[in-house]
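A.B. asks: Predicted structure and sequence below. I'll ask about it afterward.
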Amino acid sequence: MITESATLPSVVILSCSLNPQSRSHKLAIAAETFLRGRGVGVELIDLGEHELPLCGTQGSFDHPNVQLLTGKIDAADTILISAPVYNYDLNAVAKNAMELTGSGWKDKPVGFLCAAGGKASYMSPISFANSLMFDFRCHVIPRFVYCTRPDFTDEGQPGPEIVQRTEQLAAAAVDLARGLAWARANPV
Ligand SMILES: Cc1cc2nc3c(=O)[nH]c(=O)nc-3n(C[C@H](O)[C@H](O)[C@H](O)COP(=O)(O)O)c2cc1C
């Protein structure tokens, strides 16, 4: 249970869909609303509004949007990725953002909010999670939110069950970041 706002970690939610009707973006909004309500410092970054160069193109790391995003990832205590599932993986926008921002992810808790077309792709975030663990020793939260069309209301809003799962993930990200901060301050 989150109670003391003075000691709460900060959260960045990276919304990676470029679709204006994105369902994963709606999960990102639900997570942001929940965290704000609990007094957590949270920033929702919609990559649909911050065009990024492809990683490795000339000057890509010096691009102002990349510098801005890198600063925000660096400053975050925990990161939630909301993303579409494309070809049994997260979309290329998510991968590109991770490549561009690199070591800012190091040792941080990371959670996944995914939207997909069908239920069969539910293990799709695993390869992205693996690269975060291998490259940056991220603490991947073992609770993925995975949604498809039936998880949304007729009005296109996330239904109660998927909202609840989103809130559980957001709370777990904060709790894990808090636990890690305590452990770092009190080494064995
Ligand atoms: C190029 C492409 C590849 C896709 N691949 C998959 C897939 O492998 N598995 C799946 O369940 N849905 C797949 N989908 C469907 C999307 O995951 C679905 O439309 C989802 O809502 C996209 O997320 P968004 O609404 O946040 O943009 C794919 C869609 C596109 C455009």
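C.D. replies: Now that the structure is in, tell me what you want to look at. Numbering: from 1, shown residues only.
A.B. asks: hmm, the top helix by length along the chain touching the ligand?
C.D. replies: Scanning the chain for the helix with the most residues, using DSSP state H, yields helix 160-185. No. Using C-beta under 6 Å from any ligand atom, helix 160-185 never reaches the ligand; the gap is at least 12.5 Å. From N, CA and C alone the C-beta is placed, and that goes for glycine too.
A.B. asks: Okay, buried residues for that helix please.
C.D. replies: 162-163, 165-167, 169-178, 180 (16 or more other C-beta atoms under 10 Å).
A.B. asks: Please name every helix or strand in contact with that helix.
C.D. replies: strand 11-15, helix 23-37, strand 78-86, strand 109-115, strand 145-147 (3 or more C-beta pairs under 8 Å, 6 or more residues apart in numbering; DSSP states H and E).
A.B. asks: again, only using 7 Å
C.D. replies: The contact analysis (3 or more C-beta pairs under 7 Å, 6 or more residues apart in numbering; DSSP states H and E) places helix 160-185 against helix 23-37, strand 78-86, strand 109-115, strand 145-147.
A.B. asks: what pairs with the shortest one, and is each one parallel or antiparallel?
C.D. replies: What that stands for is strand 145-147. strand 109-115 (parallel) (DSSP bridges).
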